[in-house]
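Novice: Give me the fold of what follows.
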Amino acid sequence: MNRRRGLSTQARMLLTALVREPREWQYGYELSKSTGLKSGSLYPILIRLSEQGLLQTAWRDSEEPGRPPRHIYRLTAHGAAVARTEADSQRSSRTALRPVRATS
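Specialist: Sure, this is the predicted structure:
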C-alpha cells in the first residue's frame, strides 16, 4: 500500500512563496530569503516537490561570465492548484481558530 504523506509546514511555506508568482522562474536563493528556510531544508523540499510533479526545474546560465549555471524553479499547473488549495485551507483554519469577541 502506497500512502502519500501530507505536506510539511516548510513545504507549505515554499508553495506559498512560489504561488505569489506561479509562472515566474525563481532561484533557490530568492526562495530561501523569502521563506527563511536554510539550504539544508530548502533544496530537499524542492527536489521532493519536483519529483511529485508540483515544480518544474531548469538550469539557467549565469549572467556573470565565469559563473556556473543556476537551478531555477516554478510551479506546474498541478503545483499551483495544490498551492492554492493549501493557502485556502490555511486561511480557513486561521479564521476558524480566531476567538469570538463578546459584544456588550
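
Novice: by contact count, what packs against the helix or strand bottoming out on mean pLDDT in the chain?
Specialist: The weakest-scoring helix or strand in the chain, judged by mean pLDDT, DSSP states H and E, is helix 77-97 (a mean of 80). Other helices and strands packing on helix 77-97, by 3 or more Cβ pairs under 8 Å, 6 or more residues apart in numbering; DSSP states H and E, are helix 9-19. In short, each C-beta sits where N, CA and C put it, glycine included.

Novice: Only the buried residues of the helix it packs on, if you could.
Specialist: Counting neighbours by 16 or more other Cβ atoms under 10 Å, one finds that the buried residues in helix 9-19 are Gln10, Ala11, Arg12, Met13, Leu14, Leu15, Thr16, Ala17, Leu18, Val19.

Novice: So what touches the helix or strand just after that helix?
Specialist: Remark: after helix 9-19, the chain's next helix or strand is strand 26-27, criterion DSSP states H and E. Strand 26-27 has contacts (Cβ atoms under 8 Å, 6 or more residues apart in numbering) with Ala17, Leu18, Arg70, His71, Ile72, Tyr73, Arg74.

Novice: Having no further points to raise, I will conclude here.
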